[in-house]
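1. Quick check, what structure comes out for this input:
(one chain, ligands or ions: 1)
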Amino acid sequence: MSTSPFIPRLLESDWQQPLGKIVCVGRNYAEHAAELNNPVPKQPLLFMKPATAAVDLEQAPLELPKDAGEVHYETEIAVLVGKRLQKADPDQVFAAIAGVGLALDLTLRDLQTQLKQKGHPWELAKAWDDSCPLTALVKAEKVEDWQALELSLSINGEERQRGQASQMLTPLAQLLSYISQHFTLEEGDLVLTGTPAGVGPLHSGDQLELELKGYLQASTQVK
Ligand code: ZN
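-> Reported below is the predicted structural model:
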């Protein structure tokens with residue numbers, strides 16, 4: 001279960017700031033929007049998870065809710081905010097990022113589909129305890145080209161997802177700027193930047209390998 005407070009593992013640093021809110025964006029890769037038959041939004045589609053959703057991806061096997069229908073993985077580039085961003089311009093964003101890693105935006109897909117049909121909020125399908133397994137993060141200063149960040153996920157040795165930041169419908173800097181017009185981003189907040197195509201259900205015993213190409217690798221198993 002989640003331990004509170006959750007402190008992100010920012011490598012080669014003495015980061016001690018507890019995790020704040022987690023701001024997520026839906027449908028930020030066109031091919032993923034299409035695979036779930038969703039239209040591409042004109043503005044970023046935002047939702048949030050509380051800090052209690054976070055769990056260390058590598059510390060223990062993933063525990064999924066029981067009898068809750070399909071639990072889908074969504075592999076996403078996650079950025080840790082190091083300095084407050086409030087109504088920020090895109091060119092102010094990168095100086096405020098402390099680190100980058102990968103997260104799973106675990107989703108109760110059957111429940112989300114029902115909530116969407118009713119026009120209800122998504123939190124019950126998205127914000128539950130342990131719904132946001134997070135890898136270690138590398139320091140932002142190590143990133144040479146933010147647009148070239150590339151993530152991948154393999155399950156049981158088979159590649160399921162691959163995506164590059166350059167494919168995002170709203171690029172990183174514009175995304176954090178947009179978020180900060182509505183919700184102040186504070187030190188310790190995390191932003192999940194959307195998932196590429198290839199999402200699907202997790203099963204007990206699945207072995208997951210995640211990679212942020214050139215920066216980090218992480219693996220876990222579904223309990
Ligand atoms: Zn997502």
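
2. For the lowest-mean-pLDDT helix or strand in the chain, buried residues please.
-> Between all helices and strands in the chain, the lowest mean by mean pLDDT, DSSP states H and E belongs to helix 30-35, at a mean of 88. Across helix 30-35, burial judged by 16 or more other CB atoms under 10 Å covers 32-33. In short, each C-beta sits where N, CA and C put it, glycine included.

3. and the next helix or strand after it, which strands flank it?
-> Scanning forward in sequence from helix 30-35, with DSSP states H and E defining helices and strands, the next element found is strand 45-49. Strand 45-49 sits in its sheet next to strand 22-26 (antiparallel), going by DSSP bridges.

4. what sits up against the partner strand?
-> Strand 22-26 is contacted by residues 38, 41, 44-51, 53-54, 76, 105, 126, 132, 170, 175, 179, 183, 185, 189-194 when judged by CB atoms under 8 Å, 6 or more residues apart in numbering.

5. so how far is residue 112 from the most far-flung residue of the chain relative to its centre?
-> The centre of the chain is farthest from one residue, residue 118, which by CA atoms, centre = their mean lies 25.0 Å away. Using CB to CB, to the nearest Å, residue 118 is found at 11 Å from residue 112.

6. ok, now residue 39?
-> Counting by CB to CB - residue 39 and residue 112 are separated by 16 Å.

7. Look at those two and report which has more neighbours.
-> More neighbours surround residue 112 than the other of residue 39 and residue 112, with 20 against 8 (other CB atoms under 10 Å).

8. The more buried one is in contact with residue 123, isn't it?
-> No. Residue 112 is beyond contact range of residue 123, at 10.1 Å (criterion: CB atoms under 8 Å).

9. and the residue nearest to residue 95 when sequence neighbours are not counted, helix, strand or coil?
-> Once flanking residues are discounted, residue 95 sits nearest to residue 83: 7.2 Å by CB to CB, 6 or more residues apart in numbering. Reduced to three states with DSSP: H, G, I helix; E, B strand; the rest coil, the structure at residue 83 is coil.

10. repeat for the one 4 residues further on
-> Residue 87 carries the three-state label coil when classified by three-state DSSP.

11. How about it: what's its closest non-neighbour residue?
-> residue 181 (5.5 Å).

12. Return the set of buried residues in the strand or helix carrying the one you found.
-> If you go by DSSP H and E, residue 181 is part of helix 172-182. Neighbour-count burial for helix 172-182, counted by 16+ other CB under 10 Å, picks out 172-173, 175-180.

13. Mind listing the strands the helix or strand following it pairs with, and their directions?
-> Sequence-wise, the next helix or strand downstream of helix 172-182 (DSSP H and E) is strand 190-192. Applying DSSP bridges, strand 190-192 is found paired with strand 22-26 (parallel), strand 75-81 (antiparallel).
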